[in-house]
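> Provided below are the primary sequence and the corresponding predicted coordinates.
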Amino acid sequence: MGMAFEGLESFYEALAVAIDEAGPSGRDAMLTRLALVLANELGDRDKALAAIAASLKASEDPPSVPLR
Amino acid sequence: MRPAGRGELESLYFDYPHFEPPVRDPAVVEERARVMIVGAGPVGLVAALALAREGVASILLERKDTFNDGSRAICIARQSYHILERIGAVDRFVDKSYGWTTGRSFYRGRQILEFRMPHGADEKFLPMYNLEQQYIEQFLWEAVRESGLIDLRWQSEATAIDENPDGVTVSVRDPKGDYRVKAEWLLAADGARSAVRALCGLRLRGDNHEGRYVIADVQMEHDYPTVRRALFDPASNPGRTVLIHRQPDNIWRIDYQLEDGEDENTALSEAHVRAMVGAILKEIGHDKPWALEWWSIYSANTLALDDYRRGRILFIGDSAHVVPIFGVRGLNNGLADAENAAWKLARVLRGEAGEALLDSYSPERRGATLDVFANATKSARFMTPPTQGWRLVRDAALALAVDHDFARPFANPRQMTPYTYSGSPATCADEDGFSGGPPPGAVAVNVMLGDGTWLSDHLGIGFTGVLFSPRAGVAAAMGAALARLDPRFRLLVIGAGGEGVLADTDGRIARAYGAQPGSFYLLRPDMHVAGRLLHGDPGRLVASMKTILWGKEA
């Protein structure tokens, strides 16, 4: 599942610009609204909850290991 | 820069030669040249060699008395090895350099991506090779010395230029005095701080990106394959990026990003560089001794001239464009500029083409620069996010990449593929009906043949026609018509075998070119496709080639 990388990259770039446009004070609210809009578009409760879990897990610091 | 107590040219692995200025008669104050090239870095040296391959002599000026002071541009791409092969210099490069296909990206110490650059048995060369710039210059200089057509003058500087409709008069200064050279054409290969560009009153235009990097070389016994490593947010440089490359002679390149607002002088002090490099080496598990060799600073810019040609002056390499390092296109695009300018200029000088052919130089090579800008800007934003928005999405992609495949391609530096000269005046419009194969403007596809050679080994030094299984008599007629336009024209007949036919027994060449019996490709001296016919009237391509060489009015 997921979209082709080119589509994802367009989204990535638009998101970077939008975060800057929202500014430091509006950033959290904008990202939260975006998450709700996307969850609604996803139309799948389990997938939406799994997305929250995935984004939460990725925010934890991965353990540091030698780069070999 | 080098550690305290060592001179600028006291390298741990490279013996710098010292070159004397030319021996000349001081009474002669004016000379003539067909072509003068200013700057004997890799780009100027390749331009001189590419002209010499065409039989054109040149005077090559170099301000310094030796090769580049440090390793600088170390990544040479496959297409550049084809250029080096065409100018007869590639063997030394293959012997000394380290080829590579693989890169690994790490986020906070965890590998998030291993990428392989496109490669296969049909390619003669690997996607990328690492070699210090001093060796690049030395090997090219050795080829220059053997050529006999290149008058390389060290310690010689262009101090003034006078542009005329039929040439450029260059004032030259060397330790013995001043003189003038009336050149029919001038190639400016004198780098990012080009004196020729300044003398013309021209400026590069574009953007300066955020982010500066220290580039440092160390010598050490370090057990790791030739794999480019990119470390995002490592403990040794928190929040920033580190790049690591292996080079010959046990030299390793460590590039690390500076903190925003960090003082440049402090960052470049030996103590600071040693501390940073030491921390990075510790993080990658290197616990044996290392010696600091050389370091410098770099900032990511996308700058270019509006036009790479001004009358009788062609700008090649960094004098025309400065690009970010992440796509490794500075040197590689410069070498392509040099060859592109040389094969066209040689034909104009020999009376085998009109100046119209040179009108295609700037659109083709500036187009390649703008393509690099688009890709390098992507890489620069990922390596060195310019604002909070770009940083948040970058960090989100990196964090997700630890466990999720979908986020990993963001960390791929996408080191570039050769640029296609679509719509260039030096290519033909494509013909309908091809289901595959390289379109006009693209680099010709290489194919490994049954006898262990590659298709690229069979191309001529002029235009090459590749004709697939022609009907009787067609080959001879076409060959004769095209040889009248280009005396160096070579016709390559591809077929089942027989006298004068390149055997394509399993049909692999035909498949790679989407060819049918009677199909024809016209390749330029730089291996780009000029035009092709599926099975049309060969006369049409003869007319197109005439337009490429002489322009629409011919």
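Sure, I can see it.
> Give the burial count for the spatially closest residue to residue B:432 that is not a sequence neighbour, as a bare number.
Once flanking residues are discounted, residue B:432 sits nearest to residue B:534: 7.8 Å by C-beta to C-beta, 6 or more residues apart in numbering or on different chains. From N, CA and C alone the C-beta is placed, and that goes for glycine too. Using other C-beta atoms under 10 Å in any protein chain shown, residue B:534 has 18 other residues around it.
> How about the one 4 residues further on?
If you count neighbours by other C-beta under 10 Å, residue B:538 ends up with 20.
> contacting residues for it?
B:474, B:477, B:478, B:481, B:520 (C-beta atoms under 8 Å, 6 or more residues apart in numbering or on different chains).
> quick one: which of those has the most company?
Neighbour-wise, the contacts of residue B:538 (other C-beta under 10 Å) top out at residue B:520, 25 neighbours.
> ok so, going back, look up phi and psi at the residue nearest to residue B:432.
Dihedral pair for residue B:534: phi -70, psi -50, per degrees, to the nearest 10.
> Isn't it up against residue B:431?
Yes. Under the criterion of C-beta atoms under 8 Å, residue B:534 makes contact with residue B:431 at 5.7 Å.
> tell me what the host helix or strand of residue A:11 is packed against?
Using DSSP states H and E, residue A:11 sits within helix A:5-42. Here helix A:5-42 touches helix A:45-59, helix B:388-401, going by 3 or more C-beta pairs under 8 Å, 6 or more residues apart in numbering or on different chains; DSSP states H and E.
> Quick one: distance of the longest one to the chain centre.
For helix A:45-59, the distance between its averaged C-alpha position and the chain's averaged C-alpha position is 10 Å (C-alpha atoms, centre = their mean, to the nearest Å).
> can you count the residues close to residue 37?
I'll assume chain A. Neighbours of residue A:37 using other C-beta under 10 Å come to 10.
> that's the other chain; I wanted chain B
Neighbours of residue B:37 using other C-beta under 10 Å come to 32.
> mind checking how far residue B:441 is from residue B:423?
Per C-beta to C-beta, to the nearest Å, residue B:441 is found 7 Å from residue B:423.
> When these two are compared, which one has more neighbours?
Between residue B:441 and residue B:423, counted using other C-beta under 10 Å, residue B:441 has the larger neighbour count: 22 against 12.
> if I pick that one, what's in contact with it?
Residue B:441 touches B:420, B:421, B:422, B:423, B:424, B:427, B:528, B:529, counting by C-beta under 8 Å, 6+ apart.
> Where does pLDDT dip in the chain?
All of this is about chain A. A:1, A:59-68 (pLDDT under 70).
> actually chain B
For chain B (pLDDT under 70), the answer is B:210, B:414-416, B:553-554.
> follow-up on the earlier one: dump the contacts of residue B:538 into CSV; add secondary structure and distance to chain A as well.
Below are the contacts of residue B:538 laid out as CSV (DSSP: H, G, I helix; E, B strand; the rest coil; distance: C-beta to the nearest C-beta, whole Å):
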residue, secondary structure, distance to chain A
B:474, helix, 43
B:477, helix, 46
B:478, helix, 41
B:481, helix, 44
B:520, strand, 34
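> Could you tell me how far the residue most central in space within chain A is located from chain B?
Against the mean C-alpha coordinate of chain A, by C-alpha atoms, centre = their mean, the closest residue is residue A:55 at 6.9 Å. Distance from residue A:55 to chain B, counting by C-beta to the nearest C-beta, to the nearest Å: 7 Å.
> If we ignore the residues flanking it in sequence, what's nearest that residue?
Residue A:55's closest residue in space is residue B:400 (C-beta to C-beta, 6+ apart), at 7.2 Å.
> Please give the number of neighbouring residues around that neighbour.
21.
> Go ahead and confirm it touches residue A:54.
Yes. Counting by C-beta under 8 Å, residue A:54 is a contact partner of residue B:400 at 6.9 Å.
> related to what we said a few turns ago, so which of the contacts of residue B:538 is the closest to residue B:248?
Within the contacts of residue B:538, proximity to residue B:248 (C-beta to C-beta) peaks at residue B:520, which comes in at 42.8 Å.
> can you tell me which residues contact that closest one?
Residue B:520 neighbours (C-beta under 8 Å, 6+ apart): B:465, B:466, B:467, B:468, B:478, B:532, B:533, B:538, B:541.
> who does it bridge with?
residue B:467, residue B:533 (DSSP bridges).
> Could you point out the helix or strand that follows the host helix or strand of residue B:529?
Using DSSP H and E, residue B:529 sits in strand B:529-533. Going down the chain from strand B:529-533, the next helix or strand is helix B:538-550, by DSSP H and E.
> and that following helix, C-alpha only, in PDB?
The C-alpha coordinates for helix B:538-550 follow below in PDB (Å, rounded to 0.1, in the frame of the first residue of the first chain):
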ATOM      1  CA  PRO B 538      17.700   7.800 -44.700                       C
ATOM      2  CA  GLY B 539      17.800  11.000 -46.700                       C
ATOM      3  CA  ARG B 540      15.800  12.800 -44.000                       C
ATOM      4  CA  LEU B 541      18.600  12.200 -41.400                       C
ATOM      5  CA  VAL B 542      21.300  13.400 -43.800                       C
ATOM      6  CA  ALA B 543      19.300  16.700 -44.200                       C
ATOM      7  CA  SER B 544      19.000  16.900 -40.400                       C
ATOM      8  CA  MET B 545      22.700  16.400 -39.900                       C
ATOM      9  CA  LYS B 546      23.400  19.200 -42.300                       C
ATOM     10  CA  THR B 547      21.100  21.400 -40.200                       C
ATOM     11  CA  ILE B 548      22.800  20.400 -37.000                       C
ATOM     12  CA  LEU B 549      26.200  21.400 -38.500                       C
ATOM     13  CA  TRP B 550      25.300  24.400 -40.500                       C
END
